[in-house]
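Asks: Provide a 3D model corresponding to the input given below.
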Amino acid sequence: MFLAMERLTNVVDLLDQYPLPIGETLSIASELNIVHPYAYRERHKHGGRLPAKTMTTDLVLVLRQTTGKQILAPFSFKYESSLMGDSAKKRSRTLQKLKLEKTFWERQGLALNIVTEKHFSQTESYNLKFLRQCYNHPELLDVTDDFKEIFVMQFERSQKEAPDATLRQILEKLAQDLNISVHHSQTLFQSAVYEYALPADIHTPIELYRPLTMREV
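Replies: Numbers count the residues shown, from 1 in each chain. Got it, this is the predicted structure:
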């Protein structure tokens, strides 16, 4: 979910495990007659009593609207088994905590978006992890915008001229044409796709030793 959200073009920031004000969630729990989450491992610090645990929302996006205004968009990730599993007790407790979280955000005027692993294919996740490796080499991404644009144009031209060529072959050709290393060429490719500059289809496997599938723009 983080990888899919991070690459959205209108995302300004991603706030991971966003803490909710404990006073407000305790108040909501009391109103809804729901047991508030507790920090069971910290009871020894409180004379055996269970202290309330600060609830968090998995991911809160700071989004920029077309007007330039910034808004928050909260997302909660749950495995489908926790929502639809066989254990009625666990399912009920998960839904109670979601209701607490959902009610908190509703009172901020926002809707809580619930996401499960079913929203993402294994192929998409595999590709995004591969593409994001480019950020492990910031020194290779430190090139001018003009150079990045030239790289993308050269890549698209080479791919059209040789659609059956493997991704590795195209990257090797660009490395030679632009006088850079193959690793540098691969890093620029990963960045271009991850940042939407190059329209590769992330729903089909992106692998070095097979042709790359492009998507319709």
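
Asks: for this protein, which spans come out with low pLDDT?
Replies: Applying pLDDT under 70 to the chain flags residues 40-49, 86, 217.

Asks: rerun at 90
Replies: Scanning the chain for pLDDT under 90 picks out 4, 7-9, 37-53, 79-94, 118-121, 215-217.

Asks: which residues in it form strands?
Replies: 11-19, 56-64, 70-77, 113-115 (DSSP state E).

Asks: Format the ones you listed as JSON lines; extra columns: mean neighbour count.
Replies: Quick note: C-beta positions are derived from backbone N, CA and C, even for glycine. Output for the strands of the chain, formatted as JSON lines (neighbours: other Cβ atoms under 10 Å):
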{"stretch": "strand 11-19", "mean neighbour count": "13"}
{"stretch": "strand 56-64", "mean neighbour count": "18"}
{"stretch": "strand 70-77", "mean neighbour count": "17"}
{"stretch": "strand 113-115", "mean neighbour count": "16"}
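
Asks: Nearest to M214, out of the ones you listed?
Replies: With Cβ to Cβ, the closest approach to M214 among these belongs to strand 11-19: 24.0 Å.

Asks: residues contacting T9?
Replies: Counting by Cβ atoms under 8 Å, 6 or more residues apart in numbering, T9 touches Y196.

Asks: And it, how far from Q70?
Replies: In this view, T9 and Q70 are 14 Å apart by Cβ to Cβ, to the nearest Å.

Asks: which other residues reach stretch 132-143?
Replies: Everything outside stretch 132-143 that qualifies as a contact, by Cβ under 8 Å, 6+ apart, is L3, E6, H183, H184, T187, L188, Q190, S191, Y194.

Asks: With stretch 32-41 instead?
Replies: 25-26, 28-29, 50-53, 55, 96-97, 99-100, 103.

Asks: who does the top helix by length along the chain touch, helix- and strand-wise?
Replies: The longest helix of the chain (DSSP state H) is helix 88-106. Packing contacts for helix 88-106, counted by 3 or more Cβ pairs under 8 Å, 6 or more residues apart in numbering; DSSP states H and E, involve helix 22-32, strand 70-77, helix 80-84.

Asks: contacting residues for L112?
Replies: T57, P74, F75, S76, L98, E101, K102, W105, E106.

Asks: if we go to 7 Å?
Replies: Residues counted as contacts of L112 (Cβ atoms under 7 Å, 6 or more residues apart in numbering) are P74, S76, E101, K102, W105.

Asks: now do S27
Replies: Counting by Cβ under 7 Å, 6+ apart, S27 has no contacts.

Asks: sorry, back to before: export the contacts of stretch 32-41 to a markdown table and tack on neighbour count and distance to A39?
Replies: Formatted as a markdown table, these follow (neighbours: other Cβ atoms under 10 Å; distance: Cβ to Cβ, whole Å):
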| residue | neighbour count | distance to A39 |
| --- | --- | --- |
| T25 | 23 | 13 |
| L26 | 14 | 13 |
| I28 | 21 | 18 |
| A29 | 21 | 15 |
| L50 | 13 | 7 |
| P51 | 13 | 5 |
| A52 | 14 | 7 |
| K53 | 15 | 4 |
| M55 | 21 | 11 |
| Q96 | 17 | 17 |
| K97 | 18 | 14 |
| K99 | 15 | 20 |
| L100 | 22 | 15 |
| T103 | 17 | 21 |
